[in-house]
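Trainee: Would you be able to build a 3D model of this:
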Amino acid sequence: MERKLAKKGNMTDRMDIALNKFKSRMTSYPPGMCPLVMFQSIIQMSMNQSCGKCVPCRDGLVEVERMLKDILNGNATEEKLDRLKALCKMISETADCAVGVVAANTMLESFVDFADEYESHIKYRRCVEPATQTVPCMTLCPAHVDVPGYVAMIKNGDYAGAVNIIRDRNPFPTACAMVCEHPCEKKCRRSIIDQPINIRGLKKYAVDQIAADQVKTPAANVKTGKTIGVVGGGPSGLTAAYFLALMGHKVVVYDEHEKLGGMLRYGIPEYRLPKARLDEDIRAILAAGDIEVHTNTKVGRDITVEELRKKYDAVYLGLGAQLGNRMPVDNVNARNVIPAADFLQAVARGEKIDLTDKKVVLIGGGNVAMDAARTAIRLHAKTVHVFTRKRDDYTALESEIESAKEEGVRFRTLLSFLHLEADKEDPEKISAVWLQPEIVGEFDEFGLVKTEHSSRFPYRFTCDYLILGVGQRCDVADFEAAGIPVNRGRILANEACSIEGADGVFSGGDCVTGPSTAINAIAAGQVAAHNIDEYLGYHHKINCDVKAPEAKPIKCVPTGRAEIEERDPFERREDFEHVEIPMTAEEAAREAGRCLRCDHFGCGCMEGGRCAW
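Mentor: Numbers count the residues shown, from 1 in each chain. Okay, here's the model as predicted:
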């Protein structure tokens, strides 16, 4: 038999090209859809992958799909669900290959993770929540900003209108344009064609064209005579203050720092968020209504929680997670060991930290850790090494990790922390970090890989400075002492930001959720403001007085995505100047033109032109 090399452009190659185009269908699965329909799609794809050699996979998956269809159509009983579970268990245990085993295991996991959905479909013949597609970018933005609306404004060149549409839900258009993790892009329907819209990039282009404090905010409502005390002048507290002031209430903000901004000012480095740009947002917020500010004022030291509750009609606690964590090990309080959050705040306050020719080690892989690593580079460290136990520990944005690599930060993984070695000549300092090599194992129930110690010897790494990027916590001791319910360092508040047992006290942001993103803190401030308004007996609505341009269909032609470029890494690592290069007018217009206007086309959740999430 004659042997031949694989022919270029063969059937497999052509199928790979087609599948590569199709795979985005899974990553852009729209929010609001029935999860059981999603599992039906997974089973149908698995059926098509079956080679047909073994009965459990070939015939069993067909029967699974049929039974799941009966459940979706409301033609099933608890008995049929039990039979379905037993069938999936049999396929998992007897199928010859991964096609059948993984498909069956996926279903078995769904019976646990979506037990309420199966019960609802069988008992009531409906989903737990209405299964209606929503606009992905608006739904996945924690603050539910009208993304298609402001993108359309940018396309039309109305940048002030874009800023006002953003501020309808989020009073930090500039800060979010610089540092938001843009969850709105995660399931952008444009992914079905090519790549998600560069939503953050377009927002940045808008605020680069017109400063936020040059765009007039909506007119405040008539004064209500009510006053609200807000603790914390960060993104959560100032967002609550902004909306409450627009509603006509008087707001008094207390912050322990010299300037407002919270972790946006003291936790995010200047090269990512220039503080002059942050001040544009803050000036606009303070101009929105009757907002009084008391800086250098710490609750528990300068004013008590009891005084706040007596003085104001309602109180909002919007504290940030500004205290860096330390590990419970010997020598962790040495002079040359510092938590990443404390390190960044010290640099932001202008403290002189000279790392010239120093060998810096950083433990941790989150966004704060990346900020600290890149800041150490700018303080002229000789080397900066980042160590993590496993690859899953790199929770920072991929773009941040890539930028850190470009600037010279070195990364090592599969090394778990053991202990710190004190310097023999100066016991108040450490001279080395001891790390244990790891090997990867199975995945846990969250899909994260487990590790275990390798047989290799522990690894000693000498260093002059150690930064601990192992999380942050909130300073809630005084609030707990005043009777505010706290659990493991977090204030106990529900999804409406109200605190059970503390009438008139609301809370949100990092002090409730733990360290999170700016947009999540902003969302909490927005929710709290509206619920405080309701608590005070009102139901104010805020109108940005801007209408998005009429939507027009566009051709679904694959087009490249305009990325935000950064300055040369060897140049930017030498200073704290902003690293991003603004989009050009042509890039912004073309990128905004890629938007499919899902708020008007292909979405079943619209009511009067607005998303009804």
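
Trainee: From here on, just use CA atoms for contacts and neighbour counts.
Mentor: Will do.

Trainee: thinking Arg169 is in contact with Cys141, fair?
Mentor: No: applying C-alpha atoms under 8 Å, one finds Arg169 not in contact with Cys141, separated by 10.2 Å.

Trainee: any idea how far Ala76 lies from Leu19?
Mentor: According to C-alpha to C-alpha, to the nearest Å, Ala76 and Leu19 sit 34 Å apart.

Trainee: of the two, who's got more company?
Mentor: Per other C-alpha atoms under 10 Å, whichever of Ala76 and Leu19 has more neighbours is Ala76, with 19 against 12.

Trainee: Arg169 and Cys141: which has the busier surroundings?
Mentor: The neighbour count for Arg169 versus Cys141, taken as other C-alpha under 10 Å, is higher for Arg169 (23 against 20).

Trainee: Check for me that that one belongs to a helix.
Mentor: No: checked against DSSP: H, G, I helix; E, B strand; the rest coil, Arg169 lies outside a helix; its state is coil.

Trainee: what secondary structure does the residue nearest to it when sequence neighbours are not counted sit in?
Mentor: Leaving aside its sequence neighbours, Arg169 sits nearest to Val145 (C-alpha to C-alpha, 6 or more residues apart in numbering; 5.5 Å). Recorded secondary structure, Val145: coil (three-state DSSP).

Trainee: confidence score at Val145?
Mentor: With respect to pLDDT, Val145 scores 96.

Trainee: sec struct for Arg277, please.
Mentor: helix.

Trainee: Not counting residues beside it along the chain, what's closest to it?
Mentor: Thr174 (6.7 Å).

Trainee: Convert the C-alpha atoms of stretch 495-503 to PDB, please.
Mentor: The C-alpha trace of stretch 495-503 is given here as PDB (Å, rounded to 0.1, in the frame of the first residue of the first chain):
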ATOM      1  CA  GLU A 495     -27.900  42.100  48.100                       C
ATOM      2  CA  ALA A 496     -30.000  45.300  48.700                       C
ATOM      3  CA  CYS A 497     -27.000  46.600  50.700                       C
ATOM      4  CA  SER A 498     -29.100  46.800  53.900                       C
ATOM      5  CA  ILE A 499     -27.900  45.400  57.200                       C
ATOM      6  CA  GLU A 500     -30.200  43.300  59.300                       C
ATOM      7  CA  GLY A 501     -30.600  44.500  62.800                       C
ATOM      8  CA  ALA A 502     -29.100  48.000  62.000                       C
ATOM      9  CA  ASP A 503     -32.000  50.100  60.900                       C
END
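
Trainee: Can you tell me what sits against that stretch?
Mentor: Stretch 495-503 is contacted by residues 483-485, 492-493, 504-508, 524, 527-528, 531 when judged by C-alpha atoms under 8 Å, 6 or more residues apart in numbering.

Trainee: Next step: these restricted to strands.
Mentor: Under the assignment DSSP state E, the contacts of stretch 495-503 contribute Val505, Phe506, Ser507 to strands.

Trainee: Let's have those in a markdown table, adding distance to Cys180.
Mentor: Output for those, formatted as a markdown table (distance: C-alpha to C-alpha, whole Å):
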| residue | distance to Cys180 |
| --- | --- |
| Val505 | 28 |
| Phe506 | 25 |
| Ser507 | 22 |
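
Trainee: and which of those residues is nearest Val102?
Mentor: Among the ones in strands among the contacts of stretch 495-503, Ser507 lies closest to Val102 (C-alpha to C-alpha), at 42.8 Å.

Trainee: Run a quick neighbour tally on the closest one.
Mentor: 28.

Trainee: Tell me who's in contact with it.
Mentor: Ser507 touches Tyr316, Leu317, Gly318, Ile491, Ala493, Cys497, Ser498, Ile499, Ala528, counting by C-alpha under 8 Å, 6+ apart.

Trainee: Apply 7 Å and report the result again.
Mentor: Tyr316, Leu317, Gly318, Ala493, Cys497, Ser498 (C-alpha atoms under 7 Å, 6 or more residues apart in numbering).

Trainee: Model confidence score at it, please.
Mentor: So Ser507 comes in at 97 (pLDDT).

Trainee: That one bridge partners, please.
Mentor: Counting by DSSP bridges, Ser507 forms beta bridges with Leu317.

Trainee: mind checking how far it is from Lys552?
Mentor: 42 Å.

Trainee: just Phe417 next, same as before
Mentor: From Phe417 to Lys552 the distance is 56 Å (C-alpha to C-alpha).

Trainee: More neighbours: these two, which one.
Mentor: Legend: neighbour count by other C-alpha under 10 Å for Phe417 and Lys552, higher for Phe417 (18 against 9).

Trainee: Chain neighbours aside, what residue packs nearest to the more buried one?
Mentor: Leu435 (4.7 Å).

Trainee: Check which helices and strands the top strand by length along the chain is in contact with.
Mentor: If you go by DSSP E, the chain has its longest strand at strand 430-443. Applying 3 or more C-alpha pairs under 7 Å, 6 or more residues apart in numbering; DSSP states H and E, we find strand 430-443 packed against strand 415-422, strand 449-453, strand 459-462.
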